[in-house]
Every structure is written in structure tokens, then in C-alpha cells.
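[1] Fold the following, please.
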Amino acid sequence: MGIASLLCDNPYVLAPLAGYTDLAFRLLCREQGAALCFTEMISCHGLVYGQKNTRVLLRSTADDRPLAIQLFGSDPEVLAEAAGLLSLADGDYIDINMGCPVRKVVKKGAGAALMKEIKLAEKIITQVVAHSPLPVSVKFRSGWTSEKIIAPEFAQMAENAGACAVTLHARTWSQAFGGHADWQIIARVKDAVSIPVIGNGDILTYADGRRMLSETGCDGVMVGRGALGNPWVFSEAGRPDSLTARLPVILRHIELVTEHLQAEKMLFRIKNHIGRYLSGLPGASRLRQEIMGCATLEGLIELLRRQEGFTCR
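    Model prediction:
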């Protein structure tokens, strides 16, 4: 399925979020309405060298489709080899990360650092497209700083190099995750290319997504941190205002972790997610403390099931 036809039916996309968008969370967001999900960032070197922990990030199911696999790295040959190792069984798209602002990624010349090395970025895209059995998209930022916004030109380069779509996080590297996303740059990118454009940045509600589509003309909206603690962001109904109403989805998340992942090794990650699910509820601080004190998954589930009377006032 082409990205354009997919987003025409449902424009809401779950972003790649390191440490969060594992198989269980992707399936949960799909159940709430996400049309397309991205894996966590996957190291091209980890794939090429067969690292076990890297392959775990590719774990998926038939219900986890369509799926975009996001690769990161800075070596065109290694990225191309990694792309060649992937198949239709692994996912539906390959996405190249050229926007991550995290210093340990940028220091290695990957992520947003590639926006300062456009010739290298072009070579990477060309090589990956040539070796990939899957369509290739690219995710990047507005620019390195607000004084040098290069997103429209960068998008044109990606299209000419063979990308089937681009995603723009409408912040610069220097902003990291602070300040506000400038959606008008998304509109400029949309005007600059003929391939689908997915907008990203400051989508905290379903209505925010509709507004981004209207204001920028983009083809899809990618939800990142706005989905943490709020998978309901993909649904027009939005997040319920009581724990009683949120509990079925919280418990469903735990069920999906238990079914598809090594739940006993993920207790801290589950607690982190649940703490976010409590946002905006009175008494949330007290309950978070109790959750963090749970030593087992069974104890955590029992604690949650005792919370029937915990509702918004």
C-alpha cells in the first residue's frame, strides 16, 4: 500500500520513540486509531552485525501493519546493507532518521547531523533506495538553527534521491524538543515536493492533527510525545476524564506486553507508561508512588484493579 493512499483513509501516524514504541504500544495505538506506526530507532550497525537486542526491536505481528522500520546511522554502505537485510516480512517501509537531536547520535554524524552534510545525506538515501526491497522515506527537521531553515531544499533532495515520502518535525536541531513547532515550514515543504509529506510537532490532541492538516496541506500527521500516556490521541473522542474509563486501555496495554514481549523484564517501562496515563487526574501523585513501589507485574495489576472509585471530581 502506498503511503499516499494509506494516509488518505486515515492521516494519523505514531512516531518512532526510543524506549516507547515497542510492539505492545504500537498495537495499542492501532487499536485506538493509528493508521501507520514506526518502530523505535534501529541502528544500521546493529542489524548488519546481527546484534540480538537490535533484532528484538523488529519484533512484529500480522496486526502490526502497515509498519515503518526506522534506521539510523551515517555510513551509506552500512545503511544500504542494513536495508538489504530487511524484507516484506519485517515491514512495509524503511524510514531513515535524519532528525534525531540527541547528542550521542549527532556526535556520530547521524540523525540531525546529516542536515549539515547534505551530500552525504543524499548518498545515504540513494544507496538505501538502491538496496532496499521496501519503499524508503526520510524524517528530518526544519534545519540546524532558526537562522538556517533548509527543510524545503532538503525535502527536494530526498525526493530526487528516491524517497517515497518525507516527514518533517517542524523544529530545528537547536530547539531539540523545546519551544514551538513552526507548522508553516511544513506547508513550505508540501509546496516544494510532489511526494507525500507527514507533519510532526505539537500534536497533543486529535483536533490538533485536523488543524495541522488544514493549515499546512500535509498528507499525514505524526504524533510523538503527545501519544505517551494518551493513545486516545488517535481517536476523535479523546482521553477519558476518569481513571475508571482509562483503566481498560491501561490493562490492555499490560496484556499486550505480557502477550508479545518479555513482561518480567519490562516492569519499569510499564510503570513509566502507567504513570503517564494518570496525567490530569486528582490523586495521581499518590497512585504513582504506589505504582512505583510494586515489585511484580501481578502486584501492579492488582493495585490497578482496586482503583474503581478513583475518578475525576
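[2] what about the strands in the protein?
    Applying DSSP state E to the chain gives strands spanning 12-14, 36-38, 42-43, 67-72, 93-98, 136-141, 143-145, 148-149, 165-169, 197-200, 220-223.
[3] Tell me the strands beside the fifth one, with direction?
    For strand 93-98, the pairing partners within the sheet under DSSP bridges are strand 67-72 (parallel), strand 136-141 (parallel).
[4] Tabulate these (JSON lines), appending mean pLDDT, mean neighbour count and distance to residue 13.
    For glycine as for every other residue, the C-beta is placed from the backbone atoms N, C-alpha and C. Below are those laid out as JSON lines (pLDDT from 0 to 100; neighbours: other Cβ atoms under 10 Å; distance: least, Cβ to Cβ, whole Å):
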{"stretch": "strand 67-72", "mean pLDDT": "96", "mean neighbour count": "24", "distance to residue 13": "8"}
{"stretch": "strand 136-141", "mean pLDDT": "97", "mean neighbour count": "27", "distance to residue 13": "11"}
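[5] can I get those in TSV with distance to residue 159?
    Conversion of the strands paired with strand 93-98 to TSV gives the following (distance: least, Cβ to Cβ, whole Å):
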stretch	distance to residue 159
strand 67-72	17
strand 136-141	9
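[6] Which one, of the ones you listed, ends up nearest to residue 60?
    Smallest distance to residue 60 across the strands paired with strand 93-98 (Cβ to Cβ): 5.8 Å, for strand 67-72.
[7] show me where pLDDT drops low in the protein?
    Applying pLDDT under 70 to the chain flags the ranges 1, 308-313.
[8] what's the domain layout of it?
    Residue ranges for the domains of the chain, per automatic domain parsing: 3-234, 243-305.
[9] So which of the ones you listed is the most surrounded?
    Among the domains of the chain, ranked by average contacts under mean count of other Cβ atoms under 10 Å, first place goes to domain 3-234 (a mean of 20).
[10] what about it, how long is it end to end?
    18 Å (Cα to Cα, to the nearest Å).
[11] now it, how far from the centre of its chain.
    From the chain centre to the centre of domain 3-234 is a distance of 7 Å (Cα atoms, centre = their mean, to the nearest Å).
[12] can you map out the helices along this protein?
    Taking DSSP state H, the helices of the chain run over residues 3-9, 23-32, 44-48, 52-56, 76-85, 103-106, 118-131, 151-161, 183-192, 206-216, 243-260, 267-277, 284-292, 297-305.
[13] quick one: which of the ones you listed is nearest residue 67?
    Here helix 23-32 is closest among the helices of the chain (Cβ to Cβ), at 7.6 Å.
[14] Which neighbouring elements make contact with the closest one?
    Using 3 or more Cβ pairs under 8 Å, 6 or more residues apart in numbering; DSSP states H and E as the contact test, the elements touching helix 23-32 are strand 36-38, helix 243-260.
[15] which residues sit against the last one?
    Read that as helix 243-260. 23-25, 27-28, 31-32, 59, 61, 231-232, 239-240, 263, 266, 270, 273-274, 277-278, 281, 287, 297, 300-301, 304-305, 307-312 (Cβ atoms under 8 Å, 6 or more residues apart in numbering).
[16] if we can go back for a sec, a markdown table for the helices and strands packed on helix 23-32, including distance to residue 86?
    Output for these, formatted as a markdown table (distance: least, Cβ to Cβ, whole Å):
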| stretch | distance to residue 86 |
| --- | --- |
| strand 36-38 | 14 |
| helix 243-260 | 20 |
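[17] out of those, nearest to residue 116?
    strand 36-38 (23.7 Å).
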